[in-house]
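# Sequence and predicted structure are below.
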Amino acid sequence: MVARIFHEEDVDTSILSGKRIAVIGFGNQGSSHALNLRDGGMDVVVGNIDDEYAKRANEQGFSVRPIRDAARYADIICMLIPDEVQPRVYKQSVENELSPGKALMFASGFNVHFGFIKPPRFVDVVMEAPRMIGVGVRELFLKGLGCATLVAVHHDYTGNARKIALAIAKAIGATRLGAFESTFEEEAILDLFSEQAFWSAFYELFKYWLEIATASGYDELVAALELYCSGEMVEETKAILETGVFRQMRFHSTTSQYGTITRGKRLVTGEVKRNIRKILREIETGRFAEEWMRTQRTGARAFHEARENLLKHRINMVEDQLADVRRQVSKVL
Ligand code: NDP
């Protein structure tokens, strides 16, 4: 099945006129959404507790209210706080402020799809999920560009849910590039699947490759340069985007192509493939989501320790020694 793609001319934002929008959270996505929506002439308030983020929103000229007040005021409530805190904030400050015909908007399918948030039947529930970090959503918008964004409807009470999702996507600049029709389920699962069965291996390989290279007597600075600090990896990623995963291979030497093609299959073997499928199953059945919520309820000590340990890994010292090179290279790429 091929996703339907919406461009500027396909979407009418008039459905938002006269609607009051509350952006809950002023972090990565919250600040970009609030600013882009306001630049598009929308009536936006920010819902946040009175702290650093609220101060930033105030400085940007927004009316900042406690989350409950913002939710009560708004017709469209955009939940732009971290997924793991949304269920509690929703229960405490949003749920009781919903009334027939309001809309709840999410930038991720996680909580609704896995059932941690169960909105009532009398509201529209939509998703507008940029495939871009928050800063990028704003920067692209200011340059007159947009970011690819997934839009979906979980529940259509008013009959206008899809129009609202698309209008918000257009207002943040997404349709300049393309708003892709998707579902809460598809977004939630593919997002977790790429993080857990692709990027996870990528980061493990960084560690393991450098450990093996240095344990085998090779200089760690030269090894880190070879792997990524020279910037060649960024060039390769850009080539993948511009030319295509396999089509860009022609930019590499024939020796490199031969090694890549023949050795890759030895690494991604039966066990790795089985684990990739197993990870997908864990996500699809909701086992991962339950585990993550349970982990947080019990303090997530092991997770925090593991994160701290990564920052003590030798790779960080090597990167410090190559700081000037990394800075200069990243400026020109
Ligand atoms: P952030 O981590 O940037 O959110 C920070 C905001 O959440 C701040 O306003 C903060 O305010 C508020 N917040 C944090 N903890 C709490 C709490 N316990 N109670 C109330 N408010 C809280 O979130 P993101 O922008 O990264 O993510 C928002 C949504 O966007 C998520 O659904 C995410 O999946 C989705 N998304 C994110 C992307 C990204 O690149 N970051 C990409 C696409 C989608 P304070 O600390 O003052 O309470």
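Looks like it arrived, so ask away. All of these numbers come straight from a predicted model, not from anything done at the bench.
# Might you list the low-confidence residue ranges for the protein?
Residue ranges of the chain with pLDDT under 70: none are present.
# Let me see the ranges of the strands in it.
5-6, 20-24, 43-47, 63-65, 76-79, 103-106, 124-130, 149-155, 179-181 (DSSP state E).
# Mind putting those strands into a markdown table with mean neighbour count and distance to D219?
In this view, the C-beta of every residue, glycine as well, is placed from N, C-alpha and C. Listed next are the strands of the chain as a markdown table, based on neighbours: other Cβ atoms under 10 Å; distance: least, Cβ to Cβ, whole Å:
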| stretch | mean neighbour count | distance to D219 |
| --- | --- | --- |
| strand 5-6 | 17 | 48 |
| strand 20-24 | 25 | 50 |
| strand 43-47 | 25 | 51 |
| strand 63-65 | 18 | 52 |
| strand 76-79 | 27 | 49 |
| strand 103-106 | 26 | 48 |
| strand 124-130 | 26 | 41 |
| strand 149-155 | 23 | 44 |
| strand 179-181 | 22 | 45 |
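# Identify whichever of those strands lies nearest to the ligand.
Among the strands of the chain, the nearest to the ligand by Cβ to the nearest ligand atom is strand 124-130 (5.1 Å).
# Pairing partners for that closest one, with directions?
Sheet pairing here is set by DSSP bridges, and for strand 124-130 it gives strand 103-106 (parallel), strand 149-155 (antiparallel).
# do it and the ligand meet?
Yes. Strand 124-130 is in contact with the ligand by Cβ under 6 Å from any ligand atom, via 129-130.
# same check, this time on stretch 24-39
Yes. Using Cβ under 6 Å from any ligand atom, stretch 24-39 comes into contact with the ligand via 25-30.
# what comes up buried for that stretch?
24-26, 28-38 (16 or more other Cβ atoms under 10 Å).
# Identify the farthest-apart pair in those residues.
Within these, N28 and R38 form the most distant pair, 16.9 Å apart (Cβ to Cβ).
# so who does G47 touch?
Counting by Cβ atoms under 8 Å, 6 or more residues apart in numbering, G47 touches 22-25, 64-71, 77, 93.
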